[in-house]
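*Asks:* Make a model of this:
(2 chains)
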Amino acid sequence: MSVVNPDIGVLLVNVTLLALLFFVAIAIARLRSLFAIVMLTGAYSLISAMWFVAVDAVDVAFTEAAVGAGVSTVLMLGAMLLTARTARVEPNWKRLGPLAVCLVTGAVLIYATIDLPAFGDADSAANSHVGAMYLQRTAAEIDIPNVVTAVLASYRGFDTLGETAVVFAAGLAVSLLLGFGERSLSASHKPARANLKGVLVPSNKSDHHVVLRVVAKVLIPIVMIYALYVHFHGELSAGGGFQAGTIFAVAIVLYSLLFGITAALDAFPVIWARSIAAFGVLLYAGVGFWALMNGGNYLDYDFVLPPDDPDYGPEDANTWSQHVGIILIELGVLFAVAGSLISIFYAFAGRAPEIRDEDW
Amino acid sequence: MFEFIGERYNYWMIIGLMMIGLYITFQSSNLIKRLTGLSIFQTSVFLFYVTLSKVNGGSAPILFGRDWKGQGKKAEAEAANGATGDAVATPYGGDGHGDAGAVGYGPVDGLYETYSNPLPHVLILTAIVVSVATLSLGLALIVRIREAYGSIESDDVARADLETALAEAADRDESEATA
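*Replies:* Next up, the predicted model:
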């Protein structure tokens, strides 16, 4: 097979973006300023999201852009604010050991690539069996065009249930370690807190965020509607519960960045975040039990709605059964991801930082 | 030779990224930088999976054109009810092979268009969300370490632990000697 294939443009984009990623990673390895490192990590995520688009993984790109470049950068900044600004200088001799280990490991792995299938090979082992089967069967069995959503929500619904539970567990663990944002009420936001029950008073008198705040007030509802669009349109195009949940969380994070954590806690209390996270996992698992009670297997969406024909069987399933099942479990994913990410964000942002804006 | 490089360039770049991540994780004693290295390592695995899923000439795995139009359950139900039109199509038949001559090209049997493999996309999509959850757990632990030890350099933490252990041992020896 020739390299000069019809996808020469894809190949060029591919080469360029991977090279960019490589240089950004080297810069991260060389830097000591944690702020620069965190920012470069955000850039790294964004470039890898672009690369995902170039190799057709649009759903992955969507997730990476929302999660990697958005939420995880904010969380790392929050953690950095609570810990340190710079990494300590390492003596040069300490680098030799790790460098040698990495070079040897890399050489061994590169030797192993001789046996790997060529880039873009449709006949490789990875692309020829179960992946092709999902493509062939989705239209007839699941009845939605986005094969990624079909595999994620229906064929491999059990996997996704596990992953939703992992996200929920991580959110719970962070909340247990750092609290639920109660500390934000103590230290750095005193002027705003004085009027907590009534109208909110901005904590800084010289309001240099005024333009941002006005724009954000228009933008945040649109972001939230967009999250719902991504959720309900996930069957037809790129998107789904994970992306929608992240975008919803980002709307709250944006509000909290511009109006202060106290205002955000007023607008979207921690108890809501915790509740919807738990409710999301419950909804997902509940759909599984519902199918079980209707006579199907766990998470078999053909049994979510009563079948057209009373003689039960997957082939008699209601036309809309898969759709309803997928929308419901994706809603569960949305709630679980949004709730977990918001409570994680509150846990970090709610710890009173020792450093104020002016000290930066 | 050029062909060989072109086919494996992605793997080499990804291995390079993976090794940079590994190096940062090994070499840095700053815990936040270490987590960054870990997440670069993690991302390189994501890139590897998605690289394997790419098919030449393929598009994103969202059914379109003749593959989608009129092939869903709804169309089948309508066809069964007699509401026939051009929407009736055989799901697994058709002249599925677009570019039959070339090896490694063309759609899978029963489809008209070429798509990339959806399965690695699904695995990586969920892995990305799980990775941010685990990253935040690591960051939360680092924040607590900072509060307990006053530092996020692993050398300092290890030294503080050692000093505490030695002091405790000395205390125990003293109390045993007096007893």
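*Asks:* So the residue of the stretch 151-300 of chain A found nearest chain B versus residue B:56, what's the distance?
*Replies:* Residue nearest to chain B within the stretch 151-300 of chain A: residue A:170 (3.4 Å; Cβ to the nearest Cβ). (Glycine included, C-beta is placed from N, CA and C.) With distances taken as Cβ to Cβ, to the nearest Å, residue A:170 is found 38 Å from residue B:56.
*Asks:* May I have the residues that are in contact with residue A:230?
*Replies:* Residues in contact with residue A:230 (Cβ atoms under 8 Å, 6 or more residues apart in numbering or on different chains) are A:62, A:239, A:240, A:243, A:244, A:247.
*Asks:* JSON lines please, covering those residues and showing pLDDT and secondary structure.
*Replies:* As requested, the contacts of residue A:230 are exported to JSON lines (pLDDT from 0 to 100; DSSP: H, G, I helix; E, B strand; the rest coil):
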{"residue": "A:62", "pLDDT": "92", "secondary structure": "helix"}
{"residue": "A:239", "pLDDT": "84", "secondary structure": "coil"}
{"residue": "A:240", "pLDDT": "87", "secondary structure": "coil"}
{"residue": "A:243", "pLDDT": "92", "secondary structure": "helix"}
{"residue": "A:244", "pLDDT": "94", "secondary structure": "helix"}
{"residue": "A:247", "pLDDT": "93", "secondary structure": "helix"}
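*Asks:* Chain B next: which of those residues are close?
*Replies:* When contact is defined as Cβ under 8 Å from any Cβ of the partner chain, the contacts of residue A:230 meet chain B at residue A:240.
*Asks:* Up against chain B, what does the stretch 251-360 of chain A have?
*Replies:* A:319, A:322, A:337, A:340, A:341, A:344, A:347, A:348, A:351.
*Asks:* redo that, cut-off 6 Å
*Replies:* The interface of the stretch 251-360 of chain A toward chain B, taken as Cβ under 6 Å from any Cβ of the partner chain, is made up of A:319, A:344.
*Asks:* can you tell me which residues contact residue A:212?
*Replies:* Contact partners of residue A:212, counting by Cβ atoms under 6 Å, 6 or more residues apart in numbering or on different chains, are residue A:258.
*Asks:* buried stuff in the helix or strand hosting it?
*Replies:* Assigned by DSSP states H and E, residue A:212 belongs to helix A:210-232. Using 16 or more other Cβ atoms under 10 Å in any protein chain shown as the test for burial, helix A:210-232 gives A:216, A:219, A:220, A:223, A:224, A:226, A:227, A:230, A:231.
*Asks:* same deal with stretch A:297-306?
*Replies:* Quick answer for stretch A:297-306 (16+ other Cβ under 10 Å): A:299, A:300, A:301, A:302, A:303, A:304, A:305.
*Asks:* next one: stretch A:15-23
*Replies:* For stretch A:15-23, a neighbour-count test (16+ other Cβ under 10 Å) marks A:17, A:18, A:20, A:21, A:22 as buried.
*Asks:* Which single one of the buried residues of stretch A:297-306 is nearest to residue A:154?
*Replies:* Of all the buried residues of stretch A:297-306, residue A:154 sits closest to residue A:301, with 6.0 Å by Cβ to Cβ.
*Asks:* in chain A, which helix or strand is least confident?
*Replies:* helix A:190-193 (a mean of 45; mean pLDDT, DSSP states H and E).
*Asks:* still on that earlier bit, got a list of what the residue of the stretch 151-300 of chain A closest to chain B touches?
*Replies:* Residue A:170 neighbours (Cβ under 6 Å, 6+ apart): B:133, B:137.
*Asks:* Switch the buried residues of stretch A:297-306 over to JSON lines; also include secondary structure and pLDDT.
*Replies:* Below are these laid out as JSON lines (DSSP: H, G, I helix; E, B strand; the rest coil; pLDDT from 0 to 100):
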{"residue": "A:299", "secondary structure": "coil", "pLDDT": "87"}
{"residue": "A:300", "secondary structure": "coil", "pLDDT": "86"}
{"residue": "A:301", "secondary structure": "helix", "pLDDT": "87"}
{"residue": "A:302", "secondary structure": "helix", "pLDDT": "83"}
{"residue": "A:303", "secondary structure": "helix", "pLDDT": "82"}
{"residue": "A:304", "secondary structure": "coil", "pLDDT": "83"}
{"residue": "A:305", "secondary structure": "coil", "pLDDT": "82"}
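*Asks:* now the helix or strand harbouring residue A:248 against helix A:210-232, angle please.
*Replies:* Assigned by DSSP H and E, residue A:248 belongs to helix A:241-259. For helix A:241-259 against helix A:210-232, the angle by axes from the mean of the first three to the mean of the last three Cα atoms, to 10 degrees is 170 degrees.
*Asks:* what's helix A:241-259 packed up against?
*Replies:* Applying 3 or more Cβ pairs under 6 Å, 6 or more residues apart in numbering or on different chains; DSSP states H and E, one finds that helix A:241-259 contacts helix A:58-63, helix A:210-232, helix A:321-350.
*Asks:* Give me the distance from whichever helix or strand comes after that helix to the chain's centre.
*Replies:* Next helix or strand after helix A:241-259 toward the C-terminus (DSSP H and E): helix A:261-267. Its chain's average C-alpha position is 23 Å from that of helix A:261-267, according to Cα atoms, centre = their mean, to the nearest Å.
*Asks:* what are the C-alpha coordinates of helix A:261-267, in CSV please?
*Replies:* Taking C-alpha atoms only, helix A:261-267 is exported to CSV below (Å, rounded to 0.1, in the frame of the first residue of the first chain):
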residue,chain,number,x,y,z
ILE,A,261,-17.5,31.1,44.4
THR,A,262,-20.0,32.5,46.9
ALA,A,263,-22.3,33.7,44.2
ALA,A,264,-22.0,30.4,42.5
LEU,A,265,-22.8,28.5,45.7
ASP,A,266,-25.9,30.6,46.0
ALA,A,267,-27.0,30.0,42.4
